[in-house]
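Visitor: quick one: sequence and predicted model below, then my questions.
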Amino acid sequence: MLRYTARVLALTALVVLLASAYTPAQDITSSLAAGTMAQGAVDQRARSKPARHTIFSCHRQTMSAALNRPWVDSHGVIDVAKKPRVEGAVSWSSQLHVARQDQTLQLTGNGVPNHPTGTFPVAPDSEAFRYDRNPNSIQAYTVQYTIPHAPVLAAEPGCLPMGTIGVALTGAVFFNALDAPGRDAVVNEIFDRCEGHPERHGRYHYHHYSPCFDQGDANTHSPLIGYALDGFGIYGPRDAGGAYITNDQLDACHGHTGPVPAPHGQTNVIYHYHANREFPYTLGCFSGVVALAPQRPGARAPARAVEASTPANLRVITLGTGGPRNHPERAGPSALVQYGNARFLVDMGRDTQLRLQQANVSLRDLTALLFTHHHLDHNEEFVPILLKARLRGGAGQIIGPPGTRHYADFVFSFYREDSDYRAQRTGGSAAAMRDVTVRELSGGEAFRLSGVNVKTARVNHTIHTVAYRFDADGKAIVISGDLTFSPSLIDLAHGADVLVIDAGQLGPGAPRRDQAARPGTADAVERAHGSIADVATMGQEAGVKRLVLTHFAGPNVDEAAVRPRIADIYKGEVIFARDLLEVTP
């Protein structure tokens, strides 16, 4: 009993010690309330799960090391008066409309704020330029989000993406508290007098509480200043009695349930977020469900969309549907599975970067890079995608069959000098850039990845190949990789909504007419890719609702000739994929 009591006391002391490491000292609370100081994060704290004083990130396991800044001390306390500002007073014609439609709120606007901003790009002769050479200009763009009118708490908190996490009532947007390399943006970056600045697309945004928000009555609860993308309101740093609200009074996502001001002098007791002056400043994670991924400026619609009968977050974009032969209409094999803010890139064939750009997906937003197998036509753009994504803070996880760890280690070793140089140029950390989690698979594994249940199976191909199943919200998408007839795929894909499958002998191994009579050609194809009958049989026996054929030899497929052959066996819907096709279960 004494030993048990001692262990409890020791654990309690450890919890108190860890909590105090992130809690501001009592003597600066009044300064936090006054806005003369802020409590930043200068350590490399974990970001892999929800917790107070940190961010649950979709992309990185730990924060990057802070830069040496004269306005922040070794404990992360920021002296606001010492921090330079981007000077200027540029006015904008701001637009933001908030309209209720059925059970949703429609947020539309042009992305520029209703208050003056500093002059961007940062002037080379300014003090701000010494620390942050922001070369970006503020641009108007289309802001359009649909959020729940009556949001509900999710079963578990959701991770935060890089980029927009909410919309401010000023007309601009909230980003999370991190800069692109994964550091505390408030500690490291320079803002204008309203605590905002533009990113590379010109989107003006805030990382923390702005003095240009509606301040309200200093003796009452702070007014509403914006909406998170899960629909919950964001309020300023005061509670119902007008006192400054600290992180320790909020949950891991930076919110709580309590009274907020309502129309006609009333109050409502609801869950809501608070923006204060302690890292992570606004949100630490999403408490509710994010129904739609953010739209980015200049977004291009996919080439064709297959609509769902009921909305679901889980979806797949066939970025590339070709094979080893170069065709401008078909990039090399690649698919992007999306769920909320998580983005899983499966295989990285030729022109995957181009297709990501056309799908308006930034490399920094990639959650994980996954391989089905290590044939060149499936991994030839891994090197640039990995290095560019890491430089921007994305794709902190690499997953694939045996050889994946060796491949990643080789890339980081071979490009060590180059990555050190590029990280230094952008003010980042080369060590953080190489901080990735690599998971090698044999097939048969099951794990959870950013809110999605992932299962794998080894399938029959010329080398070790793994198929993936992604399950979320009662929906399932399976990606087969290259294969011949594989009972393991039938088991993995059982009852799935969508099966993205190697098109078999319509694929890259299909012999040309002048090859058809060559000895051994047909045998070689059959060892690498199944027949049309094999593909149809696997889909039918698995009971999948949609069969999405991909990995074609050329730009054109004689669908009229092939469909009847499939329909003789498979009774579900058949889709001949094109590049940038989006399929939603």
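Guide: On my side now, so go ahead. Numbers count the residues shown, from 1 in each chain.

Visitor: is Val500 in a helix, a strand, or coil?
Guide: strand (DSSP: H, G, I helix; E, B strand; the rest coil).

Visitor: pull the contacting residues for it.
Guide: Counting by CB atoms under 8 Å, 6 or more residues apart in numbering, Val500 touches Val316, Thr318, Ala335, Ile477, Val478, Ile479, Ser480, Val548, Thr550, Ala577, Val583. The way it works is simple: take the backbone N, C-alpha and C, and place the C-beta from them, glycine included.

Visitor: switch the cut-off to 10 Å
Guide: For Val500, the contacting residues are 316, 318, 321, 335, 337, 346, 467-468, 477-481, 493, 546-551, 575, 577, 581, 583, by CB atoms under 10 Å, 6 or more residues apart in numbering.

Visitor: surely Asp409 is within a helix?
Guide: Yes: counting by three-state DSSP, Asp409 is located in a helix.

Visitor: quick check: it touching Tyr415?
Guide: No: between Asp409 and Tyr415 there is no contact under CB atoms under 10 Å: 11.3 Å.

Visitor: what's the overlap in contacts for those two?
Guide: Arg434.

Visitor: who has more neighbours, those two?
Guide: A count of neighbours by other CB atoms under 10 Å puts Tyr415 above the other of Asp409 and Tyr415, at 17 against 12.

Visitor: give me every residue that touches the more buried one.
Guide: Tyr415 sits in contact with Val383, Pro384, Leu386, Leu387, Tyr421, Arg422, Arg434, where contact means CB under 10 Å, 6+ apart.

Visitor: got a winner among those residues for most neighbours?
Guide: Top of the contacts of Tyr415 by neighbour count (other CB under 10 Å): Leu386, with 25 neighbours.

Visitor: for that residue, which residues are in contact?
Guide: Shown in contact with Leu386 (CB under 10 Å, 6+ apart): 348, 363, 366, 369, 394-395, 398, 407-408, 411-412, 415, 419, 433, 436.

Visitor: using pLDDT, spot the least trustworthy of the residues you listed.
Guide: In terms of pLDDT, Met433 ranks lowest among the contacts of Leu386, with 76.

Visitor: which stretches of the stretch 351-500 of the chain aren't confidently modelled?
Guide: 426-430 (pLDDT under 70).

Visitor: so Gln469 touches Val459, yeah?
Guide: If you look again at residue 469, you'll see it is Arg, not Gln. No: contact criterion CB under 10 Å: Arg469 and Val459 do not qualify, at 11.8 Å.

Visitor: find residues that contact each of those two.
Guide: Contact criterion CB under 10 Å, 6+ apart; residues shared by Arg469 and Val459: Ser480, Leu489, Leu492.

Visitor: would CSV of the residues you listed with distance to Thr220, secondary structure and neighbour count be doable?
Guide: Below are those laid out as CSV (distance: CB to CB, whole Å; DSSP: H, G, I helix; E, B strand; the rest coil; neighbours: other CB atoms under 10 Å):
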residue, distance to Thr220, secondary structure, neighbour count
Ser480, 59, coil, 29
Leu489, 61, helix, 28
Leu492, 57, helix, 25
